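S.K.: Here you go, sequence then predicted model.
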Amino acid sequence: MNKILVTGSNGQLGSEIKYIASNYSFEFVFTGAAELDITDRSAVWSFFQSNQFDAVINCAAYTAVDRAETEVERADSVNHLAPRYLAEAAKEFNLKFVHVSTDYVFDGETFRPYSEDSIPNPKSVYGLTKLKGEEAILQSGLTNSAVIRTSWVYSTFGNNFVKTMLRLGAERPEINVVVDQVGTPTYARDLATCILDILPKLSNSKTEIYHFSNEGVCSWYDFAKAIMEMKDLVCKVNPIPSIQYPTPAKRPFYSVLDKAKIKSDFNVEIAYWRDSLAQCLRQTS
Ligand SMILES: NC(=O)C1=CN([C@@H]2O[C@H](COP(=O)(O)OP(=O)(O)OC[C@H]3O[C@@H](n4cnc5c(N)ncnc54)[C@H](OP(=O)(O)O)[C@@H]3O)[C@@H](O)[C@H]2O)C=CC1
Ligand SMILES: Cc1cn([C@H]2C[C@H](O)[C@@H](COP(=O)(O)OP(=O)(O)O[C@H]3O[C@@H](C)C(=O)[C@@H](O)[C@H]3O)O2)c(=O)[nH]c1=O
């Protein structure tokens, strides 16, 4: 296990893998969309042909949840077709493949943490295209590979809810945030570490699905409150029901992921969401 391709490496997760890469003895090749457009099937195949990778970690995705409702074809191309191309090429060249998916594959109507066996039922175009991507990977017949579903990802890199709250918290005296959507935030650095730790240990006869987020549960309102408090921002956060915050895409009301499988298969230690949030916020101005 030496040479690892990281696609979509300018996003949150890709940037975090880059940030921690020197802690590992792997050789990394990082590609953004400019170096490797994963929706270009022949580009993917020739990239794999001309480099001898041992594994590929796909961090590329179309993550604009609301915009996906109207940019359906683009979202499908990046989240569904491209993972299929990567999986087919990984199978052909005998690589390990790690792909990342989302809690938004679930409808959020079951108020108990979702396990890998729970039946997905996405409510949004983003969630549906991510589910189709998962299914294409599972059908490709890969071995030693994993689809890791995660939720509410944030980082000092890229765009995310934490950065939106920091901006709004500095600009406005008060904001309204939904309190009836419940899930678990995930610090992208924790996810990046988990992926690099488990990659050498992946040994399975088919692609396994795993769930990973930080520990604990909160609403977006609780998350926003914690961000304001930890950064001493004088911005009142008002809890509101989702109906008072209409968005083009429907989001699950409850999307907590059950992480028992990844913990028992790989013995991973997972940090509590507030501790990881504090760690991330220490790095912001
Ligand atoms: N963000 C979140 O809250 C969550 C994310 N996830 C999943 O985690 C994974 C990582 O997400 P995250 O890091 O937040 O995503 P980001 O949106 O931060 O990064 C995605 C990256 O993919 C790149 N990309 C888009 N299209 C292509 C393409 N055709 N070829 C190559 N690269 C492309 C983007 O480049 P550019 O910006 O130039 O388009 C961007 O740099 C994704 O699979 C996502 O679905 C799961 C749950 C929550
Ligand atoms: C900015 C803002 C958002 N909200 C609500 C809208 C939404 O219901 C919720 C989250 O807002 P966002 O639109 O920032 O987050 P969203 O894009 O829905 O985040 C999702 O991204 C994709 C990629 C995933 O895979 C998911 O796990 C999840 O992280 O908070 C407020 O109530 N008040 C606000 O001021």
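M.R.: Yep, that arrived. Numbering: from 1, shown residues only. Ligands and ions are numbered 1, 2, ... in the order given.
S.K.: ok, the residue nearest to Ser118 when sequence neighbours are not counted - contacts?
M.R.: Of all residues not flanking Ser118 in the chain, Phe106 sits nearest, at 6.6 Å (CB to CB, 6 or more residues apart in numbering). All C-beta atoms are positioned from the backbone trio N, CA, C, and that covers glycine. Phe106 makes contact with 114, 118, 120-122, 127, 252, 255, according to CB atoms under 8 Å, 6 or more residues apart in numbering.
S.K.: Can you list which of those residues are found in helices?
M.R.: Counting by DSSP state H, the part of those found in helices is Gly127.
S.K.: from the contacts of Phe106, which would you call buried?
M.R.: 114, 118, 120, 122, 127, 252, 255 (16 or more other CB atoms under 10 Å).
S.K.: Surely the last one is in contact with Thr110?
M.R.: No - counting by CB atoms under 8 Å, Ser255 sits too far from Thr110 to count as a contact (9.9 Å).
S.K.: sorry, back to before: and which of the buried ones among the contacts of Phe106 is nearest to Ser50?
M.R.: Gly127 (34.8 Å; CB to CB).
S.K.: That closest one contacts Tyr104, correct?
M.R.: Yes - if you go by CB under 8 Å, Gly127 and Tyr104 touch, sitting 3.7 Å apart.
S.K.: quick one: Phe48 from Lys263, how far?
M.R.: With distances taken as CB to CB, to the nearest Å, Phe48 is found 32 Å from Lys263.
S.K.: circling back: make a markdown table from the buried ones among the contacts of Phe106 and add distance to Val100 and pLDDT to it.
M.R.: Output for those, formatted as a markdown table (distance: CB to CB, whole Å; pLDDT from 0 to 100):
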| residue | distance to Val100 | pLDDT |
| --- | --- | --- |
| Tyr114 | 16 | 98 |
| Ser118 | 18 | 97 |
| Pro120 | 15 | 98 |
| Pro122 | 16 | 98 |
| Gly127 | 14 | 98 |
| Pro252 | 18 | 98 |
| Ser255 | 15 | 97 |
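S.K.: Go through these and name the one nearest Thr63.
M.R.: Nearest member of the buried ones among the contacts of Phe106 to Thr63, counting by CB to CB, is Gly127, at 11.4 Å.
S.K.: Could you pull up the contacting residues of the closest one?
M.R.: Counted by CB under 8 Å, 6+ apart, Gly127 has contacts 102, 104-106, 120.
S.K.: From these, pick the one nearest Thr70.
M.R.: Looking across the contacts of Gly127 and measuring by CB to CB, the closest to Thr70 is Tyr104, at 16.8 Å.
S.K.: Tell me how many other residues surround the closest one.
M.R.: By other CB atoms under 10 Å, the residues close to Tyr104 number 28.
S.K.: neighbour-wise, which of Phe48 and Lys263 wins?
M.R.: Neighbour totals were compared for Phe48 and Lys263, and Phe48 leads with 21 against 15 (other CB under 10 Å).
S.K.: Quick check: closest non-adjacent residue to that one.
M.R.: Nearest residue to Phe48 in three dimensions, chain neighbours excluded: Ala89, at 4.6 Å (CB to CB, 6+ apart).
S.K.: can you check Leu277 too?
M.R.: In space, Leu277 is closest to Ala226, 6.0 Å off (CB to CB, 6+ apart).
S.K.: For the one you found, what is the enclosing helix or strand?
M.R.: helix 220-230 (DSSP states H and E).
S.K.: So which elements touch that helix?
M.R.: helix 161-171, strand 174-178, strand 236-240, helix 273-281 (3 or more CB pairs under 8 Å, 6 or more residues apart in numbering; DSSP states H and E).
S.K.: what residues does that helix touch?
M.R.: Helix 220-230 has contacts (CB under 8 Å, 6+ apart) with 152, 161-162, 165-166, 169, 175, 177-179, 181, 183, 185, 218, 233, 235, 237, 239-240, 273-274, 277-278, 281.
S.K.: Kindly indicate which of the contacts of Gly127 lies nearest Asn267.
M.R.: Distances from Asn267 to the contacts of Gly127, taken as CB to CB, are shortest for Thr102 (24.5 Å).
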